[in-house]
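Asker: pasting the sequence and the predicted model now:
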Amino acid sequence: MTDALKSKVCGHIDQIADTLLEVSHEIHANPELAFEEHKACALLTRTVDAAGLDVATNVYGLQTAFESVISCGEGPRVDLLAEYDALPGIGHSCGHNLIATSALGAALGLASVRDQLRGTIRLLGTPAEERGGGKELMARNGAFDGTGAAMMMHPAGLNIATMPCICVAEVRVEYHGESAHASAMPHKGVNALDALLLAYQAVSNLRQHIQATERIHGIVTDGGQAPNIVPDFAAGDFYVRAANIDDLEALKPRVQACFEAGAKGTGCNVDVQWAGVDYLDLNTSWPLAEHFQRNAEQLGREFFPLEKLPAGSSGSTDMGNVSYRVPSIHPMLAAAPPRVVIHNPEFAKWARSEMGDAAALDGAKSLAMTAIDYLLNDQLQRDCKRAFDVSTGLK
């Protein structure tokens, strides 16, 4: 029965492939930043509505979030998560158009066999993954209360069972000094840019003495207005990363001290603004991830062994926050050659390519088949819960 259902769902996804890829290409052509994904949200919800499914927008406290619930009787709920924000300047170089399309396709495919399933399928639109921690904000408003399992697919240059993830904290630092003529009376000025550069150098020195799993990186967003004016304001944005939340909490005060040193060394005032959301590492539900991999392999995908990935090749995602609330998976499917990495402008080209299209459709099928496994397999549900209880207890 399960194999027949999977075949039927995959067939339905093939039937609506043109519609799905039109959605993917439209999102790709109109990149929107975190919390501003109005066009993508409207497009996705119109497509869901056109398929005859109920859909609600402006949910769980975020204007560009949405959900569509497909009820199939008694049983657990599985969530299919869609992301659709883009990166500043380089658009969908993380391929979120493919993430949204794979979740959409999986939901529509499962809806076509809803009378043969048990439980609930929910398509959840989750804004602001690239910054702001949209999933965490939604979670605080009850988005994942009652969820049995949560799933999404991320594009990459390889097929891998899960995304290697570490924690990240976002921080903005602003320095306030006194402006003056840089030549006529520099002694009257208090240089905010000097403060920021001192702090940046302190951070660079700190990087020599942190763990191999930790990262600190940042940019200057405001460094003054003219060379002959002592800058009275300077600002920068930084990311602080660590393997787990305990290491992150230990590292943050050391970075804070670097920012404060810049102020003390120049006489400026400093305002350090840590974001209200830290991204957690990914607590992968391996029973579910193994089913996803087997389903994707049935489509011809070959998976790269996680143990052969280069050391330190880790990113961050707010899916990590979800994974500490409910059993979750975040596998990656190849949408580009291995040499092309996400967050590189070249990856945006592949996210609109035939290879990217194939990843979106294979992602939809693999997610849908894994959802069928979960909803119809009581033992898998128990295995996921047991693995989650053990992993969260240990961590």
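Answerer: Great, that's in hand. None of the values given here were measured: they were computed from a predicted structure.
Asker: ok, residues contacting the helix or strand bottoming out on mean pLDDT in the chain?
Answerer: Sorting the helices and strands of the chain by mean pLDDT, DSSP states H and E puts helix 378-394 at the bottom, at a mean of 92. Residues from elsewhere that reach helix 378-394 (CB atoms under 8 Å, 6 or more residues apart in numbering): 76, 148-149, 283, 285-288, 291, 324, 326-327, 373-374. (Glycine included, C-beta is placed from N, CA and C.)
Asker: run the last query once more with 7 Å
Answerer: Helix 378-394 is contacted by residues 76, 148-149, 283, 285-288, 291, 324, 327, 373-374 when judged by CB atoms under 7 Å, 6 or more residues apart in numbering.
Asker: I'd say N97 and E26 touch.
Answerer: No - if you go by CB atoms under 7 Å, N97 and E26 don't touch, sitting 8.2 Å apart.
Asker: neighbour count: the two, which is higher?
Answerer: Between N97 and E26, counted using other CB atoms under 10 Å, N97 has the larger neighbour count: 30 against 16.
Asker: give me phi/psi at the more buried one?
Answerer: phi -60, psi -30 (degrees, to the nearest 10).
Asker: ok, now H12?
Answerer: In terms of degrees, to the nearest 10, the main-chain angles of H12 are phi -70, psi -40.
Asker: residues near the nearest residue to it once chain neighbours are set aside, how many?
Answerer: Of all residues not flanking H12 in the chain, S112 sits nearest, at 4.2 Å (CB to CB, 6 or more residues apart in numbering). Using other CB under 10 Å, S112 is surrounded by 18 other residues.
Asker: before we move on, what about the one 10 residues further on?
Answerer: A count of neighbours around R122, defined by other CB under 10 Å, yields 20.
Asker: heads up, I number from 9, so please use that
Answerer: That works, and once the first residue is 9, the last one we named lands at R130.
Asker: elements contacting whatever helix or strand it lives in?
Answerer: Using DSSP states H and E, R130 falls within strand 128-133. Here strand 128-133 touches helix 46-58, strand 74-79, strand 85-90, helix 104-119, going by 3 or more CB pairs under 7 Å, 6 or more residues apart in numbering; DSSP states H and E.
Asker: I'd say E91 and G133 touch.
Answerer: No - E91 is beyond contact range of G133, at 8.4 Å (criterion: CB under 7 Å).
Asker: next, the residue nearest to H20: phi, psi?
Answerer: According to degrees, to the nearest 10, S120 has phi -70, psi -20.
Asker: spatially nearest residue to D62 (excluding sequence neighbours)?
Answerer: D62's closest residue in space is S76 (CB to CB, 6+ apart), at 6.3 Å.
Asker: quick one: the one you found from L52, how far?
Answerer: 9 Å (CB to CB, to the nearest Å).
Asker: and what of D93?
Answerer: From D93 to L52 the distance is 12 Å (CB to CB).
Asker: cool, G185 as well?
Answerer: According to CB to CB, G185 and L52 sit 46 Å apart.
Asker: so where's the stretch 109-258 of the chain uncertain?
Answerer: By pLDDT under 70, the stretch 109-258 of the chain has no low-scoring segment.
Asker: can you map out the helices along it?
Answerer: Using DSSP state H, counting those that start in this stretch, the helices of the stretch 109-258 of the chain run over residues 142-148, 200-214, 253-274.
Asker: for the stretch 259-403 of the chain, same thing?
Answerer: Counting by DSSP H, counting those that start in this stretch, the stretch 259-403 of the chain has helices at residues 294-306, 327-331, 353-358, 362-384, 386-402.
Asker: in stretch 313-322, what counts as buried?
Answerer: Within stretch 313-322, the residues scored as buried using 16 or more other CB atoms under 10 Å are S322.
Asker: again with stretch 88-100
Answerer: Residues 88-95, 99-100 are the ones in stretch 88-100 that count as buried (16+ other CB under 10 Å).
Asker: likewise for stretch 138-155?
Answerer: For stretch 138-155, a neighbour-count test (16+ other CB under 10 Å) marks 138-147, 151-152, 155 as buried.
Asker: and that stretch, end to end?
Answerer: Counting by CA to CA, to the nearest Å, you get 23 Å between the two ends of stretch 138-155.
Asker: how far away is E178 from A73?
Answerer: From E178 to A73 the distance is 20 Å (CB to CB).
Asker: neighbour count winner among the two?
Answerer: Between E178 and A73, counted using other CB under 10 Å, A73 has the larger neighbour count: 26 against 20.
Asker: these two touch, right, the more buried one and T53?
Answerer: No - at 10.4 Å, A73 does not count as touching T53 under the criterion of CB under 7 Å.
Asker: break the protein down into its domains, please.
Answerer: Residue ranges for the domains of the chain, per automatic domain parsing: 10-173+289-402, 176-287.
Asker: most tightly surrounded among those domains?
Answerer: domain 10-173+289-402 (a mean of 20; mean count of other CB atoms under 10 Å).
Asker: any low-confidence regions in the stretch 259-403 of the chain?
Answerer: 320, 402-403.
Asker: what do N105 and E34 both touch?
Answerer: With CB under 7 Å, 6+ apart, N105 and E34 have no common neighbours.
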